[in-house]
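> dropping the sequence and predicted coords here.
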Amino acid sequence: MDLDAYTFLHKPSWDRLDHLATRRKKLTGAESDELVRLYRLTSQQLARLQSGTAEAELVAGLSAVLTRARGRVLGARIDTLREIGHFFTHRFPAAVYRAWPWWVTVATVFLVASTAVGAWVANSESARRSLGLDTDTDTLTRPGGEFETYYYEHPHDAFAAQVWTNNATVAAMSLFTGVLILPAVYVMAMNALNVGISAGLMSDAGRLDAFFGYILPHGMLELTAIFVAGGAGLKLGWTLIDPGRESRPQALARQGRATAAIALGLVVVLLVSGFIEGFVTPSGLPTAVRIGIGALAELGFLAYVFGLGRRAVLEQETAEAAGHPPNGPEHMSGNPMRTPSNSLGGDPDPVAGATRSTLVATARK
């Protein structure tokens, strides 16, 4: 397909659709019918462009026109609360579920590495010397020492906010340096080393029960969020190396959107783990109860991902197999304007037009 000729041919109808979608005055009956007709036709044309080698900028511009037109057809802006609900019931859990082989691998390597470091530190003085650790760690490991007081020396709300910020920073670094791979690996390795050193020192002092009593309530969910961030970041980096059947820009754009969805969702997950660390971990509740609360939060998140996330992915795959791509507002479920992506239909009358850059400029207004 000659892309320039195709764009030149259909540009006037795209401009007309955008004009009807953005006009402030109320549309007449004939104009409303025209809006619906152009919306259906342009949706078919966009599907044809997406199946070819159209420039990403052209596709994005035409998608924006369709989004505005859909809003005009439905007579209202997209419901913000509904979009938030859709994000947390579909987009976020589906993105985490799709990345599960990556973050489960990260979790496995992290836990094996931190366990190995912990055993090394606990059983070897040369290990502690190699790592530059003090020979006298009593101030850290004794009952009421620095390891324990870290969790309750500050007001609960301030501490919860602090750990949320710190963990969100670590997650963001793991996510968005993943495109370079090595920086994300370094961040994860340093965290595994720190966990292993703390476990080793507490084990050497005979206080491994206290270590797990303070780490597990919040650490199960917190570390899972870090693993998800690291796995999603590495998946983004690997997409740059191996984009699969898509072009590299298309694959990066797709995975970049999934990574951004994961980043937004993890903010809430880390907020929950920060609340547990700030209010449950240092509380006077029995250790078994505190760990139980953490375990419930962890199991809830895993059920959310592998239950709701898996179902959302299956729904998306079913829609794609039926020829209804779910990406973008114009393909949301319940959209009365949706048409099959492989249905090309008829074309509008040939008329003179402009260039693709003009369309992009129009779509951005």
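That came through, no problem.

> need the per-residue pLDDT for Tyr150.
Note on Tyr150: pLDDT of 92.

> can you count the residues close to it?
Tyr150 has 14 neighbouring residues, counting by other CB atoms under 10 Å. In this view, the C-beta of every residue, glycine as well, is placed from N, C-alpha and C.

> ok, it to Leu308 distance?
Per CB to CB, to the nearest Å, Tyr150 is found 35 Å from Leu308.

> which helix or which strand is home to the spatially most central residue of the chain?
The C-alpha lying nearest the average C-alpha coordinate of the chain belongs to Ile262 (CA atoms, centre = their mean; 1.4 Å). Assigned by DSSP states H and E, Ile262 belongs to helix 248-275.

> show me what the helix or strand just after that helix is packed up against.
As assigned by DSSP H and E, the chain's next helix or strand after helix 248-275 is helix 287-303. Applying 3 or more CB pairs under 8 Å, 6 or more residues apart in numbering; DSSP states H and E, we find helix 287-303 packed against helix 208-241, helix 248-275.

> what is the mean pLDDT for helix 287-303?
The predicted model assigns helix 287-303 a mean pLDDT of 97.

> tell me which helix or strand comes right after it.
With DSSP H and E, the next secondary element past helix 287-303 is helix 310-321.

> could I get the buried residue list for that following helix?
Neighbour counts over helix 310-321 (16 or more other CB atoms under 10 Å) mark Ala312, Val313, Gln316, Ala319 as buried.

> could you dump those to JSON lines with distance to Gly300 and pLDDT?
JSON lines is the format used below for those (distance: CB to CB, whole Å; pLDDT from 0 to 100):
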{"residue": "Ala312", "distance to Gly300": "17", "pLDDT": "94"}
{"residue": "Val313", "distance to Gly300": "19", "pLDDT": "94"}
{"residue": "Gln316", "distance to Gly300": "23", "pLDDT": "85"}
{"residue": "Ala319", "distance to Gly300": "27", "pLDDT": "78"}
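
> nearest to Ala56, of those?
Gln316 (20.8 Å; CB to CB).

> the closest one against Pro93, yeah?
No: contact criterion CB atoms under 8 Å: Gln316 and Pro93 do not qualify, at 11.5 Å.

> which non-adjacent residue is nearest Ala312?
Spatial nearest neighbour of Ala312, chain neighbours left out: Ala94 (3.9 Å); criterion: CB to CB, 6 or more residues apart in numbering.

> which ones are touching that neighbour?
For Ala94, the contacting residues are Gly309, Ala312, Val313, Gln316, by CB atoms under 8 Å, 6 or more residues apart in numbering.

> ok, now Ala210?
Taking CB under 8 Å, 6+ apart, we find Ala210 in contact with Pro143, Phe147, Glu148, Met202.

> whichever of these end up buried, select them in ChimeraX.
Buried residues among those (16+ other CB under 10 Å), as a ChimeraX selection:
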select :147,148,202
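
> what stretches of the stretch 251-365 of the chain score poorly on pLDDT?
Flagging of the stretch 251-365 of the chain using pLDDT under 70 yields the residue ranges 323-365.

> skip the chain neighbours and tell me the closest residue to Arg142.
In this structure, Arg142 finds its nearest non-sequential neighbour in Ala205, 7.2 Å apart by CB to CB, 6+ apart.

> how about Phe147?
Using CB to CB, 6+ apart, the nearest residue to Phe147 is Leu140, at 5.4 Å.

> tell me what the helix or strand the one you found falls within is packed against?
Assigning secondary structure by DSSP H and E places Leu140 in helix 138-141. Using 3+ CB pairs under 8 Å, 6+ apart, the elements in contact with helix 138-141 are helix 146-149, helix 182-204.

> what does that helix contact?
Residues outside helix 138-141 that contact it (CB under 8 Å, 6+ apart): Gly145, Glu146, Phe147, Leu201, Met202, Asp204, Ala205, Arg207.

> buried sites along that helix?
Neighbour count says helix 138-141 has Leu140, Thr141 buried, by 16+ other CB under 10 Å.

> now find how far off-centre it is within its chain.
For helix 138-141, the separation from the chain centroid amounts to 39 Å (computed by CA atoms, centre = their mean, to the nearest Å).

> for it, what is the average pLDDT?
pLDDT averaged over helix 138-141 gives 91.

> pull the CA atoms of that helix into CSV?
Written as CSV, here are the backbone C-alpha positions of helix 138-141 (Å, rounded to 0.1, in the frame of the first residue of the first chain):
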residue,chain,number,x,y,z
ASP,A,138,26.4,-6.2,69.3
THR,A,139,24.9,-2.7,69.0
LEU,A,140,23.1,-3.9,65.9
THR,A,141,22.0,-7.4,66.8
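
> avg pLDDT for the helix or strand harbouring Thr108?
Using DSSP H and E, Thr108 sits within helix 100-123. The average pLDDT for helix 100-123 rounds to 96.

> and it, what does it pack against?
Using 3+ CB pairs under 8 Å, 6+ apart: helix 100-123 touches helix 125-130, helix 182-204, helix 208-241.

> quick check: which ranges of the stretch 51-200 of the chain have low pLDDT?
Low-confidence segments of the stretch 51-200 of the chain, defined by pLDDT under 70: 54, 75-79.

> mind redoing it with 90?
Counting by pLDDT under 90, the ranges of the stretch 51-200 of the chain that qualify are 51-84, 86, 125-129, 132-138, 152-160, 162, 174-179.

> related to what we said a few turns ago, possible to save the helices and strands packed on helix 138-141 as a markdown table with distance to Glu125?
Converted to a markdown table, the helices and strands packed on helix 138-141 look like this (distance: least, CB to CB, whole Å):
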| stretch | distance to Glu125 |
| --- | --- |
| helix 146-149 | 20 |
| helix 182-204 | 9 |
